[in-house]
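1. Sharing a sequence plus its predicted fold:
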Amino acid sequence: MTANHITLLRAGFSAAVQAAQAKYALPPYLPTPPSGRTIVIGMGKAGAAMAQAVENAWQGDKSQLSGVVVVPYGSTLPTQRIRLIEAAHPVPDQNSVQASQQIRQAVHALNADDLVICLISGGGSSLLSLPATGLTLEAKQQLSQQLLHSGASIDEINIVRKHLSAIKGGRLAAACYPARVVNLIISDVPGDDPSHIASGPTVADPSSAQAALQILQHYAIALSPTIQHGLQSCAWESIKADDPRLARVQTHVIATPHTALQAAATLYQEQGYTPLVLGDTIEGEAKEVAKVMAAIVKYCQKHGQPAAAPTVLLSGGETTVQVKGDGCGGRNVEFLLALLIALKDQFPYAALAADTDGVDGAAPVAGAFITDQSWNKALALGLDPMDYLQRQDAHQFFQRLDQQLITGPTQTNVNDFRAILLPA
């Protein structure tokens, strides 16, 4: 494999990220300006770019445009009418609470002539955090850490989040009533269900407090008496579809993992590779998903099916890592390390796995890449790939291998991107 193959993998990732940028995806979905005020609220990793896109494309009276959007630290962009507040991800902090309070204040006492544009993207669950009545931020932080390390799926985590919140699970939409609400969403969850993206602050929630309790019990997470009572008594139940306060809510998913994968597929096809998109909803333990992908790669190499070289296998979704060792996790790098262990140097290949938001797990690294030369390179450096995998320390492994992918904030988030290249 050559440097050109790595360049091609990077180009595919860039195409995927570019396809999910708000400046392209958002303007066609902007609603007609109202007779009253227009309040823009939002939360998520794409929040700054989405706010900027609204300001640039808005056709109404901009003197009537204002708002508040919460974004991760270090990801702001210049805006004029919409104020950006920075907060923490993936575990909420005090700024997450203050931003939530300011967003709720921004939609206070609206009337039927007003319009709320809600900009939602991945990461919003942490950035928008207002504990349920009687619950402290510290308790939510502790529970968030436990859930993130438990191996729970993002859907399960968000069901819990919605029932420990005073603003998620439809509650923010209820606070906007009687104004009209238009949700513009960039999806980072398998299946693109708006009720799971950023824990659905402005859409109805079909899940229940009982379901949240069962998830916490399944993963053996110890609960305080306050949380136990809040969930068992249904005092923290979320907003349901028949609530009249949701009657004027309209939702558009403007960019998805499918959008990103198709953009990459087009680029690879133009370069002479047959793209095989395996799905955008792939979940499960990262290292187990890697074993399945390795088996598909080997079958392609040996039998030319389901695609013959030159081909590229593309997939998205959101895998999980159950952190038990002393590493910091990172589902894309763990996937890639497990894939390297499965494929070693058996035949020519190259692969890249990264999070489209530029942050894989808790590290400011998007992901990494490997080739059929990476196995022997690791051994020559004295690295034991299996040891790093067992300790969930893949970020350190790829740092020492000098094969990390570092992009900085990408201003979007459509989940994981995985590409495995098999040259002719």
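-> Ah, there it is.

2. which intervals of the protein have sub-threshold pLDDT?
-> In the predicted model, the chain carries pLDDT under 70 at residues 1.

3. make it 80
-> Along the chain, the parts satisfying pLDDT under 80 run over 1-2, 325-326, 362.

4. where along it do the strands fall?
-> Applying DSSP state E to the chain gives strands spanning 38-43, 65-72, 82-87, 115-120, 180-186, 249-255, 274-277, 311-317, 350-355, 367-371, 404-405, 416-422.

5. Kindly reformat those as TSV containing mean neighbour count and distance to Lys168.
-> C-beta: built from backbone N, CA, C; applies to glycine. Shown next, in TSV, are these (neighbours: other CB atoms under 10 Å; distance: least, CB to CB, whole Å):
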stretch	mean neighbour count	distance to Lys168
strand 38-43	28	10
strand 65-72	24	13
strand 82-87	20	14
strand 115-120	28	11
strand 180-186	26	13
strand 249-255	19	15
strand 274-277	18	32
strand 311-317	24	22
strand 350-355	28	22
strand 367-371	27	28
strand 404-405	21	31
strand 416-422	26	23
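
6. can I get the ones you listed in CSV with distance to Phe397?
-> Conversion of those to CSV gives the following (distance: least, CB to CB, whole Å):
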stretch, distance to Phe397
strand 38-43, 33
strand 65-72, 25
strand 82-87, 31
strand 115-120, 34
strand 180-186, 31
strand 249-255, 32
strand 274-277, 28
strand 311-317, 22
strand 350-355, 13
strand 367-371, 8
strand 404-405, 10
strand 416-422, 17
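
7. Which one of these lies nearest to Leu148?
-> With CB to CB, the closest approach to Leu148 among the strands of the chain belongs to strand 350-355: 14.1 Å.

8. So which residues make contact with that closest one?
-> The list of residues contacting strand 350-355 from outside it, by CB atoms under 8 Å, 6 or more residues apart in numbering, reads 1, 5-6, 9-10, 12-13, 331-333, 335-336, 339, 360, 366-372, 405, 407, 413, 415-421, 423.

9. between that strand and strand 416-422, how big is the angle?
-> Computed by axes from the mean of the first three to the mean of the last three CA atoms, to 10 degrees, the angle separating strand 350-355 from strand 416-422 equals 180 degrees.

10. I'd like the distance from strand 350-355 to the chain centre, please.
-> Relative to its chain's centre, strand 350-355 lies at 16 Å (CA atoms, centre = their mean, to the nearest Å).

11. so what strands line up beside that strand?
-> Taking DSSP bridges as the criterion, strand 350-355 pairs within the sheet with strand 367-371 (antiparallel), strand 416-422 (antiparallel).

12. quick one: which of those strands is nearest Cys118?
-> Short answer: strand 416-422, nearest of these by CB to CB, at 24.9 Å.

13. What are the buried residues along stretch 125-135?
-> Of the residues in stretch 125-135, 125-132, 135 count as buried by neighbour count, 16 or more other CB atoms under 10 Å.

14. let me redo that: stretch 235-247
-> By neighbour count with 16+ other CB under 10 Å, stretch 235-247 contains the buried residues 236-239, 243, 245-246.

15. cool, and stretch 144-158?
-> Buried, per 16+ other CB under 10 Å, within stretch 144-158: 144, 147-150, 152-158.

16. before we move on, what about stretch 194-209?
-> In stretch 194-209, counting by 16+ other CB under 10 Å, buried: 194-205, 207-209.

17. can you tell me which residues contact the closest residue to Leu343 other than its chain neighbours?
-> Nearest non-adjacent residue to Leu343, counting by CB to CB, 6 or more residues apart in numbering: Ala294, 5.5 Å away. Listed by CB under 8 Å, 6+ apart, the contact set of Ala294 reads 339, 342-343.

18. Thr356 and His89, how far apart?
-> For Thr356, the distance to His89 (CB to CB, to the nearest Å) stands at 15 Å.

19. same thing with Ala342?
-> Distance of Ala342 to His89, given as CB to CB: 31 Å.

20. Please identify which of the two sits among more neighbours.
-> Just comparing Ala342 and His89: by other CB atoms under 10 Å the higher neighbour count belongs to His89, 24 against 17.

21. hang on, that one packs against Gly123?
-> Yes: under the criterion of CB atoms under 8 Å, His89 is in contact with Gly123, at a separation of 4.9 Å.

22. anything in contact with each of the two?
-> 45, 72.

23. wait, what's in contact with the nearest residue to Ala354 once chain neighbours are set aside?
-> The shortest distance from Ala354 to any residue other than its chain neighbours is 2.8 Å, reached at Gly367 (CB to CB, 6+ apart). If a contact means CB under 8 Å, 6+ apart, then Gly367 has 330, 332-333, 336, 352-355, 360, 404-405, 417 as its contacts.
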